[in-house]
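Asker: Let's see this in three dimensions:
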Amino acid sequence: MKEKHSTRLCIAYAAGPGDIVKTFSYWQKGNDDPHQVSTTYSAMFFDACRSLNARGIAISSCPRKDRIVTDRFHVENLPKNPQANAIAFHKEQVSYVLRVADFAKKQGADFLILSEATGYFFPLLWAIPSRMKLIPTLHCNLKSRFRPLSAAQKLIQFMNAMFFIRKASAIMSVSPSVTEQIEGMTYAMASPVHRFYQLYRRKYFECINPPIHHNKPFNILFVGRMETDKGIFDLLQIARDLREKGHTDIVINLCGGGSEETGLRMAASAYGIEETFRIHGFCRQDEMLEHINNSHAFIVPTRTTFEEGYNKALVEGLLSGRPVITSIVCAYPHLEELNSGIILVPPDETEGYREAIERLAYDSAFYAEKQNGTQRGMEPFFDPACSWQAVLERIITNIRKHG
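Answerer: Next comes the predicted model:
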């Protein structure tokens, strides 16, 4: 017999663009999502609902429309409408978050957990009943650290800040960089900000062998979306420069999909560098672990045009015992100070990345120094008590207890 909505705690989660229906189907069978190396946030949400004996409503904007409904869960991929121009984009950022909130309200949700990828927060200043508690979960920086904001962006930031101050019962943050932005834009007047860590299962990394520096070729690994903002065309230029200098024993491997993948493949073919610039496309978990196992170092060349509060590839490289070449776009100072496996170079400049690759490849003492420092400060990423799920459960339990 189904319980009425009013008799059981109900938690709604707006999860961003991932395919949560597929993840839920794996979770129902007791399996991890084979497309990810880390534990997915949606799987942790399902676990949290089970732990708290709650009904779960999970919505994503994944373009593949689908849903699964059980006695305890409603899980749905609810795509956003097409956005042909900037005006349509801003309109959808508002209307989509209102659609999700309205659905949560109709389902009798007591809590709404809202990722920043869902849309703008500020419409919820007026659209949510007072009984529903709002908890934003933030996985990216909310404003640029490198470029001035437009007038429209400043207005959106101001309105979102009002949401954090007036409506958020608590805030979840993936990194100190995100936390600093929230505290800065709200003048530290928002509800408490709770740090969480992406959760990884130790077993996946125990099967990865330590890198052997003298093995050739020297494999550099990029993991991420095939988009210009992620620095993929910078990597193409770096590969060309390495070949021009005669470094044919250095190979850049790229894993991931995206809108620019075809263009990148065509460019690599036109330059004739496919042997040292290998595009593997989207990889399943087992394929990804194999590429990590064969790698010597990771590279994360995200450009200043994209705001990252947290980069999974950077963390996964360090957890794998591989030095990581990146810039301050991704390596927020707190992590860089803590972990000596990171090599920082100036952002948006291919020369710095190329020189770091060459030094790692040809200076064995430098490589050993960086490789030996990769594990420092990484234990929280294996600790379930520091995970998104644990932080969410503590927040909900505390709010229910104290109001």
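
Asker: Give me the number of neighbouring residues for Val21.
Answerer: Using other C-beta atoms under 10 Å, Val21 is surrounded by 19 other residues. In short, each C-beta sits where N, CA and C put it, glycine included.

Asker: ok but Ile113 is inside a strand, no?
Answerer: Yes: with DSSP: H, G, I helix; E, B strand; the rest coil as the criterion, Ile113 is part of a strand.

Asker: what's the closest non-adjacent residue to it?
Answerer: Leaving aside its chain neighbours, Ile113 sits nearest to Tyr13 (4.5 Å; criterion: C-beta to C-beta, 6 or more residues apart in numbering).

Asker: who's in contact with the one you found?
Answerer: Ser42, Phe45, Gly56, Ile57, Ala58, Ile59, Leu112, Ile113 (C-beta atoms under 8 Å, 6 or more residues apart in numbering).

Asker: change it to 6 Å
Answerer: Tyr13 makes contact with Phe45, Ala58, Ile113, according to C-beta atoms under 6 Å, 6 or more residues apart in numbering.

Asker: what's across from it in the sheet?
Answerer: Ala58, Ile113 (DSSP bridges).

Asker: can you tell me how far it sits from Ile220?
Answerer: Distance, Tyr13 to Ile220, by C-beta to C-beta, to the nearest Å: 36 Å.

Asker: do the same with Arg202
Answerer: From Arg202 to Ile220 the distance is 25 Å (C-beta to C-beta).

Asker: okay, now the nearest residue in space to Asp229 that is not next to it in sequence: neighbour count?
Answerer: Computed as C-beta to C-beta, 6+ apart, the closest residue to Asp229 that is not its neighbour in sequence is Phe306, at 3.7 Å. Phe306 has 18 neighbouring residues, counting by other C-beta under 10 Å.

Asker: Doesn't Phe306 belong to a strand?
Answerer: No: looking at Phe306 with three-state DSSP, it is coil, so not inside a strand.

Asker: Identify each buried residue in stretch 281-288, please.
Answerer: Applying a neighbour-count criterion of 16 or more other C-beta atoms under 10 Å, one finds Cys283, Met288 buried in stretch 281-288.

Asker: what are the ranges of the helices in the stretch 251-400 of the chain?
Answerer: 261-271, 285-294, 312-319, 333-338, 350-362, 364-372, 388-402 (DSSP state H, counting those that start in this stretch).

Asker: And for the stretch 51-200 of the chain?
Answerer: Taking DSSP H, counting those that start in this stretch as the criterion, the stretch 51-200 of the chain contains helices spanning 86-106, 124-127, 151-166, 176-185.

Asker: Highest mean neighbour count out of those?
Answerer: helix 176-185 (a mean of 19; mean count of other C-beta atoms under 10 Å).

Asker: Residues contacting stretch 122-136, please?
Answerer: 94, 97-98, 101, 109, 111-114, 159-160, 163, 167-171, 399.

Asker: any idea how far it is from the chain center?
Answerer: 24 Å (C-alpha atoms, centre = their mean, to the nearest Å).

Asker: Please identify the buried residues of it?
Answerer: By 16+ other C-beta under 10 Å, the buried positions in stretch 122-136 come out as Phe122, Pro123, Leu124, Ile128, Met132, Lys133, Leu134, Ile135, Pro136.

Asker: which regions of this protein sit below the pLDDT cut-off?
Answerer: 1-7, 332-339 (pLDDT under 70).

Asker: 80 instead?
Answerer: Across the chain, the ranges flagged by pLDDT under 80 are 1-7, 84, 144, 307, 309, 331-339, 403.

Asker: Domain-wise, how is it divided?
Answerer: Here the domain assignment for the chain is 5-197+383-402, 202-379, based on automatic domain parsing.

Asker: got the contact list for Asn141?
Answerer: Contacts of Asn141 (C-beta under 6 Å, 6+ apart): Val178, Gln181, Glu307, Gly309.

Asker: Count the neighbours of the third one for me.
Answerer: Read that as Glu307. When neighbours are counted by other C-beta under 10 Å, Glu307 comes out with 19.

Asker: Without its sequence neighbours, what residue ends up closest to Val69?
Answerer: In space, Val69 is closest to Val75, 7.5 Å off (C-beta to C-beta, 6+ apart).

Asker: Do I have it right that Ala14 meets Ile59?
Answerer: Yes: Ala14 is within contact range of Ile59, at 5.3 Å (criterion: C-beta atoms under 6 Å).

Asker: Now the common contact residues for these two.
Answerer: Val100.

Asker: Now do the same contact list for Val251.
Answerer: Per C-beta under 6 Å, 6+ apart, neighbours of Val251: Pro217, Asn219, Thr276.

Asker: Now the last one: phi and psi?
Answerer: Taking degrees, to the nearest 10, you get phi -110, psi 0 for the backbone angles of Thr276.

Asker: Please export the alpha-carbon coordinates of stretch 316-333; PDB is fine.
Answerer: Coordinates of each C-alpha in stretch 316-333 appear next as PDB, following Å, rounded to 0.1, in the frame of the first residue of the first chain:
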ATOM      1  CA  GLU A 316      41.300  11.700 -10.100                       C
ATOM      2  CA  GLY A 317      44.800  12.200 -11.400                       C
ATOM      3  CA  LEU A 318      46.100  12.800  -7.900                       C
ATOM      4  CA  LEU A 319      44.200   9.800  -6.500                       C
ATOM      5  CA  SER A 320      45.800   7.700  -9.300                       C
ATOM      6  CA  GLY A 321      49.300   8.800  -8.200                       C
ATOM      7  CA  ARG A 322      49.800  10.900 -11.400                       C
ATOM      8  CA  PRO A 323      51.200  14.500 -11.300                       C
ATOM      9  CA  VAL A 324      48.700  17.000 -12.700                       C
ATOM     10  CA  ILE A 325      49.600  20.000 -14.900                       C
ATOM     11  CA  THR A 326      47.000  22.800 -14.600                       C
ATOM     12  CA  SER A 327      46.500  26.400 -13.800                       C
ATOM     13  CA  ILE A 328      44.800  28.500 -11.100                       C
ATOM     14  CA  VAL A 329      41.600  28.200 -13.100                       C
ATOM     15  CA  CYS A 330      41.200  24.700 -11.600                       C
ATOM     16  CA  ALA A 331      43.700  24.400  -8.800                       C
ATOM     17  CA  TYR A 332      42.300  26.700  -6.100                       C
ATOM     18  CA  PRO A 333      45.100  27.800  -3.700                       C
END
